[in-house]
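A.B. asks: Fold the following, please.
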Amino acid sequence: MNESNKLTNKEKYKNNYTNSKKKVKRRIKWKNVILFLFIIIFFIIFIISVINIIKWKIDSTNTEKQINNINDSATVIEKEDTENTEIIEPEEEIPKSNPYWDYIKMNLIDVDFSELKLKNNRTVGWIQVNGTNVNYPFVQYTDNSYYLKHSFDNSYNSAGWVFMDYRNNVKEFNKNTIIYAHGRYDNTMFGSLRKILTSGWLNNVNNYVIKLSTEEENTLWQVFSVYRIPTTNDYLKIDFSNDEKFLEFANTLINRSAFNFNTTVSANDKILTLSTCYNDDDKVVLHAKLIKIEKKNNESR
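C.D. replies: Numbers count the residues shown, from 1 in each chain. Below you'll find the predicted structure:
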């Protein structure tokens, strides 16, 4: 009985040892499988990242070519006030120390759109934002998605282009006119609008103006609000049912600003809104009000 028990114990030990070795081998096998899968996944992610970087670089290069081509052919001049220039009189008294009085003395920009329209007949205006790289023609389509993925020449490009909201009327600005573009990290399109939230931009009062030129008129706009906000649509209203609704909207924008521009908005004012992405979750937004306008004499062109 004792010998039999000893043999049995030896067999048990041998069996346990054999089973343990098999379990270790299985664990090693699964670890190798998991490691292999991890390497494959990492490699795929790496390849996708490289492809995306290459695509981004190609789109960036093509955008730069577009910009250079436009700058070579576009005629953009500064223009002094004429008998056609109208100053938008503020409803409230503005202190003489307010830079508004300096802004209304600034030259407008005037753009000849004939060459630009030959390149893209959807061109509706030109925009300059002081203190940034924003100095481009802008377009308008029948929706707000096409120019998120197409360049000025209508070629496919993830950099997109600067475009006006399809709901806006460029010949007669709505109560809120909206212009969009991607916030490119190479500072093209509206990428340099990130600067408007920095002290370097905010500390220079000469930056608080935007100049627009369209086929109908040249305009100057005074900035009254800038901010970064999680993606929302509440600042993208175009028209309003009454003055009370508009003033409520304007006050919301003023109160939201990251900086106090000491600028009011009245019921008769018109607003220009620039909107771009700060990152995947947030937007950078700028609002300005119309302070000077000049109707163009297109018959003399």
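A.B. asks: Tell me which stretches of the stretch 151-300 of the chain form strands.
C.D. replies: Secondary structure of the stretch 151-300 of the chain by DSSP state E, counting those that start in this stretch: the strands cover 163-164, 176-180, 209-214, 217-230, 271-277, 282-295.
A.B. asks: Can you add mean pLDDT and give the ones you listed back as a markdown table?
C.D. replies: What follows is the strands of the stretch 151-300 of the chain, written out as a markdown table (pLDDT from 0 to 100):
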| stretch | mean pLDDT |
| --- | --- |
| strand 163-164 | 98 |
| strand 176-180 | 98 |
| strand 209-214 | 98 |
| strand 217-230 | 97 |
| strand 271-277 | 97 |
| strand 282-295 | 96 |
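A.B. asks: Dump these into CSV; add mean neighbour count as well.
C.D. replies: Every residue, glycine included, has its C-beta placed from N, CA and C. Below are the strands of the stretch 151-300 of the chain laid out as CSV (neighbours: other Cβ atoms under 10 Å):
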stretch, mean neighbour count
strand 163-164, 24
strand 176-180, 24
strand 209-214, 23
strand 217-230, 21
strand 271-277, 22
strand 282-295, 21
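A.B. asks: Please name whichever of these is nearest to Leu118.
C.D. replies: Closest of the strands of the stretch 151-300 of the chain to Leu118 is strand 209-214, at 16.9 Å (criterion: Cβ to Cβ).
A.B. asks: low-scoring stretches of the stretch 51-200 of the chain, by residue?
C.D. replies: 51-52, 56 (pLDDT under 70).
A.B. asks: Which parts of it are helices?
C.D. replies: Residue ranges of the helices in the stretch 51-200 of the chain, as given by DSSP state H, counting those that start in this stretch, are 100-103, 114-119, 199-202.
A.B. asks: now those helices as CSV including mean neighbour count and distance to Lys149?
C.D. replies: Shown next, in CSV, are the helices of the stretch 51-200 of the chain (neighbours: other Cβ atoms under 10 Å; distance: least, Cβ to Cβ, whole Å):
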stretch, mean neighbour count, distance to Lys149
helix 100-103, 14, 36
helix 114-119, 15, 18
helix 199-202, 14, 29
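A.B. asks: May I see the strands of the stretch 151-300 of the chain arranged in JSON lines, with distance to Phe152 as well?
C.D. replies: Shown next, in JSON lines, are those (distance: least, Cβ to Cβ, whole Å):
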{"stretch": "strand 163-164", "distance to Phe152": "10"}
{"stretch": "strand 176-180", "distance to Phe152": "14"}
{"stretch": "strand 209-214", "distance to Phe152": "16"}
{"stretch": "strand 217-230", "distance to Phe152": "21"}
{"stretch": "strand 271-277", "distance to Phe152": "17"}
{"stretch": "strand 282-295", "distance to Phe152": "22"}
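A.B. asks: Lys117 is nearest to which of those?
C.D. replies: Across the strands of the stretch 151-300 of the chain, closest to Lys117 is strand 209-214 (Cβ to Cβ), at 11.8 Å.
A.B. asks: Show me what the closest one is packed up against.
C.D. replies: Other helices and strands packing on strand 209-214, by 3 or more Cβ pairs under 8 Å, 6 or more residues apart in numbering; DSSP states H and E, are strand 108-112, strand 123-129, strand 217-230, strand 271-277, strand 282-295.
A.B. asks: what about those, which gets the closest to Asn176?
C.D. replies: Per Cβ to Cβ, nearest to Asn176 of these: strand 271-277, 4.6 Å.
A.B. asks: can you list the domain ranges for this structure.
C.D. replies: According to automatic domain parsing, the chain is divided into the following domains: 1-73, 79-300.
A.B. asks: any idea which of the ones you listed is most buried?
C.D. replies: Among the domains of the chain, ranked by average contacts under mean count of other Cβ atoms under 10 Å, first place goes to domain 79-300 (a mean of 17).
A.B. asks: Just give me how far that one sits from the chain centre.
C.D. replies: Centre-to-centre, domain 79-300 and its host chain are 12 Å apart (Cα atoms, centre = their mean, to the nearest Å).
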